[in-house]
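Asks: pasting a predicted model and its sequence here:
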Amino acid sequence: MAVKPRIKWGDMFQEYLTAPNKPNKTILAEKYGARLETICRKAKKDNWDFQRDRYQVRVVDKTLEKKAETVSTKAAKWDEKCMTAAETLLDKALIELAAKDSRVGYVAGALKIAQEMGKLSVGEDSNNPMVTFAEAIRKAIEK
């Protein structure tokens, strides 16, 4: 009497669970030399389909988490650069405003841009209906 080859259930289950090409039970039966009916019974008993679905959901969740982390890190770096640029622009605009022959309209516009960049970099709405710093300067100059 011939000895049946031992089925490597662990290897077969891991392949069924994690292989990117999602092999079906027929393919696994051929590869591992097992009867399809036997694999189907074992898979049903051990909830292979449910476990594979759950594994796929976890993979997608982890992928999304990593993408979100990457995007949020880049966004934070971008916001930091925008804040630095806004601060630099504000400093230069204030120096220009203090000069005797300053171009007030240009400076007010630069201040408005700097303020908008600063607000956006910290997550605030730059279209806030409140009077902006640049508008306050314009009104003070007009008087």
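Replies: Received it, and whenever you're ready, just let me know what you need. Bear in mind that the values here come from a model prediction, so they are computed numbers and not experimental data.
Asks: where in the chain is pLDDT low?
Replies: Scanning the chain for pLDDT under 70 picks out 1-4, 100-102, 104, 107, 121-143.
Asks: swap in 80 and give it another go.
Replies: Across the chain, the ranges flagged by pLDDT under 80 are 1-5, 82, 86, 90, 92-94, 96-143.
Asks: what about the residue nearest the centre of it, is that helix, strand or coil?
Replies: The centroid of the chain falls nearest to A68 when counting by CA atoms, centre = their mean (2.2 Å). Assigned by DSSP: H, G, I helix; E, B strand; the rest coil, the conformation of A68 is helix.
Asks: before we move on, what about K81?
Replies: When classified by three-state DSSP, K81 comes out as helix.
Asks: neighbours of it, how many?
Replies: The local packing of K81 (other CB atoms under 10 Å) involves 12 other residues. All C-beta atoms are positioned from the backbone trio N, CA, C, and that covers glycine.
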